[in-house]
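Q: Following is a predicted model, sequence given first.
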Amino acid sequence: MKIQNIETFQAAIPLHTPFKTALRTVTVAESIVVKITCDDGIIGWGEAPPTHVITGDSLASIDYVINGIFKPLLVGESILCRERMFEKVNTGVVGNPSAKAAMDMAIYDCIAQHAKMPLTQFLGGYHGKIETDYTVSVNSPEQMAQDAQQYVNDGFTVLKVKVGKDLIETDIKRIQAIREQVGTETLIRLDANQGWSALEAVKAIRKMEDLGLNIELIEQPVKANDLKGLKYVTENTTTPIMADESVFSANDAKIVLEQGAADLINIKLMKAGGIHEALKIAQLAKTYGVDCMVGSMIETKIGITAAAHFAASQPNVTRYDFDAPLMLSADLVDGGIIYNGNVIDLGDKVGLGIKSVDSQYIVG
């Protein structure tokens, strides 16, 4: 079972509502779609969105790495020798985690199809269904409260609220407005996207604790490389702190876990370079008794399906941030995961269960 061909396509789908964080605003979901064709007819799918402010990847760099580096390395290689395949992907180029992730998920799709298993079962099969949160973008307190109520009306019981873009006082007003609007039963988690200093984070979190805003967790309150600051925030607040941009690799996770710099870890395939490394991060965190969330960038259902299958396969992945396809104005693929409100059904199809890609959203 050898790789016969590797192709890439550029996709672009408008979002129905702009996605705003402390780092960027997104109005169109762009990605490089990867198609691996094997000599037995099996086709595997992957994707990589450009997220310059986090991974450093661009559409051009992703496409070049896949076609200029990975294609010559992997065409003709056997999918069944997967450790050799992943070693070539991981050592073939420094950095470029999103390009690696796209290749990685397409390879896993092929392997699971060959094994005649859904990918989540191939990886471990721990959960049958999972529930996603929905993200409230950074806006005025009034607008965020309205948006939050709409998502609750749509059936979402967990909201991920973006903060860290401007004054801490404004962030607190945002959370107060949302909590007053949705009540006490809705779970609220915050994502500062590296927007605070350590001292600002402690001040803001303690204030929210004093106000009884009942925040589930705070994601990446400080700069990615400020592990001293991350540890300071973790040790000086009672609200759980999650490392996101501070953890790309298993080695990053090892440092964070050894230092006790965070209570939780957010794993993203686009940071980790795919499922192969993500499994190492999850298993390492498990040895420390640390739970993980699996999140995503602004991806289509290809990348989110791969992330959901990975997340559902691991016992210490207890939180899921897979709302990106729900933000898009259309669906790129036929197949993949199925959304029933906030519940994600992984389905029973082999591999990722993706049948085809809609050509009308392929650019060029």
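A: That came in fine, so what should we check first?
Q: Show me the beta-bridge partners of Lys20.
A: Thr25 (DSSP bridges).
Q: where do the strands sit along the stretch 101-250 of the chain?
A: 129-131, 134-136, 158-162, 187-191, 215-219, 241-243 (DSSP state E, counting those that start in this stretch).
Q: Of the ones you listed, flag the one that's most buried.
A: Counting by mean count of other C-beta atoms under 10 Å, strand 241-243 has the highest mean neighbour count of the strands of the stretch 101-250 of the chain, with a mean of 27. For glycine as for every other residue, the C-beta is placed from the backbone atoms N, C-alpha and C.
Q: Run through who's touching it.
A: By C-beta atoms under 8 Å, 6 or more residues apart in numbering, the list of residues contacting strand 241-243 from outside reads 217-221, 230, 233-234, 256, 261-266, 293.
Q: Among these, name the ones in helices.
A: Among those, the members found in helices (DSSP state H) are 230, 233-234, 256.
Q: which residue is nearest the middle of this protein?
A: Per C-alpha atoms, centre = their mean, the C-alpha nearest to the average position across the chain is that of Ser296, at 1.7 Å.
Q: Can you verify it is assigned to a helix?
A: No. Remark: Ser296 does not belong to a helix; assigned using DSSP: H, G, I helix; E, B strand; the rest coil, it is coil.
Q: gap between it and Ile302?
A: According to C-beta to C-beta, to the nearest Å, Ser296 and Ile302 sit 11 Å apart.
Q: CA-only coordinates of the longest helix seen in the chain, as CSV, when you get a sec.
A: Longest helix of the chain, by residue count under DSSP H: helix 97-114. Taking C-alpha atoms only, helix 97-114 is exported to CSV below (Å, rounded to 0.1, in the frame of the first residue of the first chain):
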residue,chain,number,x,y,z
PRO,A,97,3.8,22.6,11.8
SER,A,98,0.6,23.2,9.8
ALA,A,99,2.0,21.7,6.6
LYS,A,100,3.2,18.7,8.7
ALA,A,101,-0.3,18.4,10.3
ALA,A,102,-2.0,18.3,6.8
MET,A,103,0.3,15.5,5.7
ASP,A,104,0.0,13.7,9.0
MET,A,105,-3.9,13.6,9.1
ALA,A,106,-4.0,12.5,5.4
ILE,A,107,-1.7,9.6,6.2
TYR,A,108,-3.7,8.6,9.3
ASP,A,109,-6.9,8.8,7.2
CYS,A,110,-5.3,6.3,4.7
ILE,A,111,-4.0,4.0,7.5
ALA,A,112,-7.4,3.9,9.3
GLN,A,113,-9.2,3.2,6.0
HIS,A,114,-6.8,0.3,5.3
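Q: Around Thr91, count how many other residues there are.
A: Neighbour count of Thr91, defined by other C-beta atoms under 10 Å: 9.
Q: how about the helices of the stretch 1-150 of the chain, start to end?
A: Per DSSP state H, counting those that start in this stretch, the stretch 1-150 of the chain carries helices over the ranges 59-64, 71-74, 82-91, 97-114, 119-123, 141-153.
Q: rewinding a little: with mean pLDDT added, can I get the strands of the stretch 101-250 of the chain in a markdown table?
A: Below are those laid out as a markdown table (pLDDT from 0 to 100):
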| stretch | mean pLDDT |
| --- | --- |
| strand 129-131 | 93 |
| strand 134-136 | 96 |
| strand 158-162 | 96 |
| strand 187-191 | 97 |
| strand 215-219 | 98 |
| strand 241-243 | 98 |
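Q: Save the ones you listed as TSV, and put in distance to Gln176 too.
A: Formatted as TSV, the strands of the stretch 101-250 of the chain follow (distance: least, C-beta to C-beta, whole Å):
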stretch	distance to Gln176
strand 129-131	26
strand 134-136	13
strand 158-162	11
strand 187-191	11
strand 215-219	11
strand 241-243	21
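Q: sorry, back to before: so which of the contacts of strand 241-243 is the most crowded?
A: Within the contacts of strand 241-243, Pro221 tops the neighbour count with 34 neighbours, counted by other C-beta under 10 Å.
Q: That one against Trp196, yeah?
A: Yes. Pro221 lies in contact with Trp196 (C-beta atoms under 8 Å); the separation is 5.0 Å.
Q: Could you name every residue contacting both of these two?
A: Residues touching both Pro221 and Trp196 by C-beta under 8 Å, 6+ apart: 164, 204.
Q: Near the nearest residue to Gln220 once chain neighbours are set aside, how many other residues are there?
A: Spatial nearest neighbour of Gln220, chain neighbours left out: Asp244 (4.0 Å); criterion: C-beta to C-beta, 6 or more residues apart in numbering. By the criterion of other C-beta under 10 Å, Asp244 has 25 neighbours.
Q: and what of the one 10 residues further on?
A: One way to gauge burial is a neighbour count; for Lys254, by other C-beta under 10 Å, it gives 16.
Q: you'd agree it is in a strand?
A: No. Membership of Lys254 in a strand is not supported by three-state DSSP, which gives helix.
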